[in-house]
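1. Please work out how this folds:
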Amino acid sequence: AGGGGGGGLGLAVVAGTVQTLLSKTAKYALFDPTTQMAYIPLDEESKVKGKAAIDVLGSRLGKSGGSLLQQLLVLVFGDVLSASPAVALLF
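-> Here you go, the predicted structure:
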């Protein structure tokens, strides 16, 4: 009873954890400072308004675009399970 089949799951968990750590590290170390540098030449009022506009628009457009792309993939592939490899490659 039991035993044997958990090695692959454990390896997948470790690989997923490492990937997430590397992804978050790269985002906070590279992406976030780079986006903030774009606002340096602006005056204070433009910085505040620009950041707010970009944050709201970027967030909403990003989420909407991602959802639309996922829905299109599900329509093309027929179901969620069939579309999941394409979703994994794109996202």
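2. Scan this structure for its longest helix.
-> In the chain, assigned by DSSP state H, the helix with the most residues is helix 44-77.
3. Quick one: distance of it to the chain centre.
-> From the chain centre to the centre of helix 44-77 is a distance of 12 Å (CA atoms, centre = their mean, to the nearest Å).
4. Tell me which residues of it come out buried.
-> Gln70, Leu73, Val74 (16 or more other CB atoms under 10 Å). Quick note: C-beta positions are derived from backbone N, CA and C, even for glycine.
5. next SSE after it?
-> Tracing the chain past helix 44-77, the next element assigned as helix or strand by DSSP states H and E is helix 80-90.
6. just how off-centre is that following helix within its chain?
-> 15 Å.
7. quick one: it to helix 44-77, angle?
-> 140 degrees (axes from the mean of the first three to the mean of the last three CA atoms, to 10 degrees).
8. tell me what helix 80-90 is packed against?
-> Judged by 3 or more CB pairs under 8 Å, 6 or more residues apart in numbering; DSSP states H and E, the packing partners of helix 80-90 are helix 44-77.
9. nearest to Leu89, of the buried residues of helix 44-77?
-> Leu73 (10.1 Å; CB to CB).
10. Pro33: neighbouring residues, count only.
-> 9 (other CB atoms under 10 Å).
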